[in-house]
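Enquirer: Quick one, structure for this:
(chains A and B)
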Amino acid sequence: MLIQDIMKTDVITLNSTHTIADAVQLMKEKRIRHIPIVKDGQIEGLVTDRDVKEASPSSISKRLEPSLYETTLDKIMKTDLLIGHPRDFAEEAALMFYTYEIGCLPIVSNYQLVGILTKTDLLYNYIELTGANQPSSHIQIRVPNTPGILYEASKVFHEHNTNVLSVLVYPYQDNEEYKILAIRIKRMNPLPIIEGLKKQGFEVLWPSEPEMGV
Amino acid sequence: MKKQASFIFSPDQLNYEFSDTHPFNQKRIILTKDLLDEMNTIEPHEIVIPRTATDEELLLAHDAKYIEIVKKASTGNVSENIGSIYGIGTEDTPFFTGMHEASALLVGGTLTAIEEVMEGRSRYALNLGGGLHHGFQGKASGFCIYNDSSVAIKYLQQKYGARVLYVDTDAHHGDGVQWTFYDDPNVCTFSIHETGRYLFPGTGNVTERGNGAGYGTSFNFPIDAFTEDESFLHIYKTALREVAEHFKPDVILTQNGADAHYFDPLTHLYGTMKIYEEIPKLAKDIAEEFCDGRWIAIGGGGYDIWRVVPRAWSHLWLTMKDIPTPTGRLPEAWLNKWQPESPVSLIETWEDPEDLYEPVPRKYDINEKNEQMLTRALHVIRKS
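Expert: Below you'll find the model as predicted:
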């Protein structure tokens, strides 16, 4: 999946001659935390809610200095930016968010700002990938960590004419011998499939009895 | 003279039948009615024959193209490939002959119930054939073809200008109804269900609160698997009262899936008959307090049709009729009539046995999580 498929393209921006007061108001109004600073469509810098707070007078201090709000954004914006390309992979963006502890990534192509990707966008994209936003049931099975096991398991879904929305494969605790398959299926009644999986020798972790509750 | 309650019923409601082995089995309506008849609680004049919903009425909540496909499928003229685009001809919601007519009759039954109440012929009305809450505007889902609740709520709005509170106690999230009215500030959807972490349809999170003008009129109370009576009822009672006080409805429509019971094969909640005694009582109290009594109750899920649904659904009618909650043995005639046909031993008393299930090991955690969920869900109306 590419960044261009999940980024926001209607980016809310300001110029470097706007003031902190402008940024505060825009963040409040649009409920955003990152404002790219642009000139002729090109990104010059980025102002985050943290930059704004650091430059604003303390709300508990008596010494209010309203003039500080008139400071232009070029004085506080970050210019040493990490940027992404629309054709980068979503996984690469995720890795950048994690590695550099950033909250948003401006997306630049042909020197122009074409979009923005935030941590929240990425998280929602992950929810969609798990299939959790469509009517479905969730089954978890523990399988031996051997080649071909996914094929064996998927045969059961095929036999029951069942549409699979997503499959996640992940390690089973610290045990190398097993893996967990978490499968979302477009079925309200998963009972025939669970029976089919058990008949094929698969260990169904969920649905389960409460003693074994996952 | 105004009736206390109307019982919407026709044997034709049983025509909504996918196959002999499908878990959705409308025979539960007969089993319930027979139990109530053995108790001599239904007067002949209280039975009202359901009408069929017209195409215009179905169009209130469904796409024309979808209705057309269901009609074609009804006579066997839709391929599996085309059907699956519309959610029919699938393992969950297979084709069957006459599926359009059978589905439209269930919708019509709920409309009949609404007319009984809104036109003053009856104080309350019950349509056990309704409650198909997974049906979408252009798609069948989870055993549901047409969504009688969605059509009925639109009908309540258009014909009677009513503000509707929809209360869904089925163990599955009432997704079809929620999404139909997600943007509508004049319909409040309330659903308490097993969390969608594993169970179908997976939605019904606390964070689903409505959209745009409808923000704040969608309430979800997802409870953990293995939740027992006490926690279920605490959530239901606290939430329903606060939501009703906040929303101030003109009429209440309750969907009464009976699949939150320990015996239900499709879900993982640990309810007993106690919750089905209490659910209708509070619904009636709320209707009396806020809606001058206007309360329409419909059926829903419920897949242990022998041991659970007949007793659970009987409490709806008995509550409507102000008949005290029965205790002790069920009528012998009913037990003798149905036990031979039942694949399981019937529960012979109104109450479930005390030792229905082994104690739940994580009970404390489950109750604590549910309590936190309740606080999060009601946060938006408590602070104002």
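
Enquirer: Check the offset of the strand or helix carrying B:Leu378 from the chain's centre.
Expert: Using DSSP states H and E, the element containing B:Leu378 is helix B:363-382. Relative to its parent chain, helix B:363-382 has a centroid offset of 23 Å by C-alpha atoms, centre = their mean, to the nearest Å.

Enquirer: May I have it exported as CSV, CA atoms only?
Expert: Taking C-alpha atoms only, helix B:363-382 is exported to CSV below (Å, rounded to 0.1, in the frame of the first residue of the first chain):
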residue,chain,number,x,y,z
LYS,B,363,-15.3,-12.4,36.7
TYR,B,364,-13.8,-9.5,38.6
ASP,B,365,-11.8,-8.3,35.5
ILE,B,366,-14.8,-8.6,33.3
ASN,B,367,-17.0,-6.6,35.5
GLU,B,368,-14.3,-4.0,36.0
LYS,B,369,-13.8,-3.6,32.3
ASN,B,370,-17.5,-3.3,31.7
GLU,B,371,-17.8,-0.6,34.3
GLN,B,372,-15.0,1.4,32.7
MET,B,373,-16.7,1.0,29.3
LEU,B,374,-19.9,2.3,30.7
THR,B,375,-18.2,5.4,32.1
ARG,B,376,-16.6,6.0,28.7
ALA,B,377,-19.8,5.5,26.8
LEU,B,378,-21.9,7.9,29.0
HIS,B,379,-19.1,10.5,29.5
VAL,B,380,-20.5,12.7,26.7
ILE,B,381,-23.9,13.1,28.3
ARG,B,382,-22.8,13.1,31.9
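
Enquirer: tell me which parts of the stretch 1-150 of chain B are close to chain A?
Expert: B:23, B:84, B:90-92, B:134, B:141-143 (C-beta under 8 Å from any C-beta of the partner chain). Just so you know, the C-beta spots here come from the backbone N, C-alpha and C atoms, and that holds for glycine as well.

Enquirer: could you redo the last one with a cut-off of 10 Å?
Expert: Contact residues (C-beta under 10 Å from any C-beta of the partner chain) of the stretch 1-150 of chain B with chain A: B:21-24, B:80, B:84, B:87, B:89-93, B:134, B:136, B:139, B:141-144.

Enquirer: mind listing which of those residues are in strands?
Expert: Secondary structure from DSSP state E places none of the residues of the stretch 1-150 of chain B next to chain A in strands.

Enquirer: Separate out the buried members of the residues you listed.
Expert: The neighbour-count test (16 or more other C-beta atoms under 10 Å in any protein chain shown) marks B:22-24, B:84, B:87, B:89-93, B:134, B:136, B:139, B:141-144 as buried among the residues of the stretch 1-150 of chain B next to chain A.

Enquirer: before we move on, the earlier item: mind checking which of the residues of the stretch 1-150 of chain B next to chain A are in helices?
Expert: Counting by DSSP state H, those place B:80, B:84 in helices.

Enquirer: Could you name the helices and strands sitting against the helix or strand of chain A with the lowest mean pLDDT?
Expert: Least confident helix or strand of chain A, by mean pLDDT, DSSP states H and E, is helix A:119-129 with a mean of 85. Packing partners of helix A:119-129 (3 or more C-beta pairs under 10 Å, 6 or more residues apart in numbering or on different chains; DSSP states H and E): helix A:3-6, helix A:90-100, strand A:104-109, strand A:112-118, strand A:164-172.

Enquirer: The chain: strands as residue ranges?
Expert: No chain was given, so I picked chain A. A:34-39, A:42-48, A:104-109, A:112-118, A:137-144, A:164-172, A:175-185, A:203-206.

Enquirer: ah, no, chain B please
Expert: B:3-8, B:47-48, B:122-127, B:164-168, B:187-194, B:218-223, B:251-255, B:295-298.

Enquirer: Let's have those in TSV, adding mean neighbour count, mean pLDDT and distance to A:Glu70.
Expert: Formatted as TSV, the strands of chain B follow (neighbours: other C-beta atoms under 10 Å in any protein chain shown; pLDDT from 0 to 100; distance: least, C-beta to C-beta, whole Å):
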stretch	mean neighbour count	mean pLDDT	distance to A:Glu70
strand B:3-8	22	98	70
strand B:47-48	18	98	73
strand B:122-127	27	98	66
strand B:164-168	28	98	51
strand B:187-194	27	98	46
strand B:218-223	25	98	43
strand B:251-255	27	98	56
strand B:295-298	29	98	61
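
Enquirer: quick one: which of those is nearest A:Arg50?
Expert: strand B:218-223 (33.2 Å; C-beta to C-beta).

Enquirer: I'd like to know how many residues surround whichever residue of the stretch 251-384 of chain B sits closest to chain A.
Expert: With C-beta to the nearest C-beta, the shortest gap between the stretch 251-384 of chain B and chain A falls at B:Val360, namely 5.1 Å. Neighbour count for B:Val360, taken as other C-beta atoms under 10 Å in any protein chain shown: 19.

Enquirer: surely it meets B:Glu230?
Expert: No: with contact defined as C-beta atoms under 10 Å, B:Val360 does not count as touching B:Glu230 (11.3 Å).

Enquirer: got any residues that touch both of the two?
Expert: Overlap of the contact sets of B:Val360 and B:Glu230 (by C-beta atoms under 10 Å, 6 or more residues apart in numbering or on different chains) consists of B:Asn367.

Enquirer: Need the nearest residue in space to B:Glu228, chain neighbours excluded.
Expert: B:Tyr270 (4.7 Å; C-beta to C-beta, 6 or more residues apart in numbering or on different chains).

Enquirer: residue ranges for the helices of the stretch 101-250 of chain B, please.
Expert: Remark: helices assigned in the stretch 101-250 of chain B by DSSP state H, counting those that start in this stretch are B:148-160, B:175-180, B:229-247.

Enquirer: ok now stretch B:109-124, how far from the chain's centre?
Expert: 17 Å.

Enquirer: same thing with stretch B:321-335?
Expert: 22 Å.

Enquirer: quick one: buried residues of it?
Expert: Buried, per 16+ other C-beta under 10 Å, within stretch B:321-335: B:321, B:326, B:330-331, B:334-335.

Enquirer: and if you look at stretch B:43-56?
Expert: For stretch B:43-56, by 16+ other C-beta under 10 Å, it's B:46, B:48, B:50-53.

Enquirer: And it, end to end?
Expert: 33 Å (C-alpha to C-alpha, to the nearest Å).
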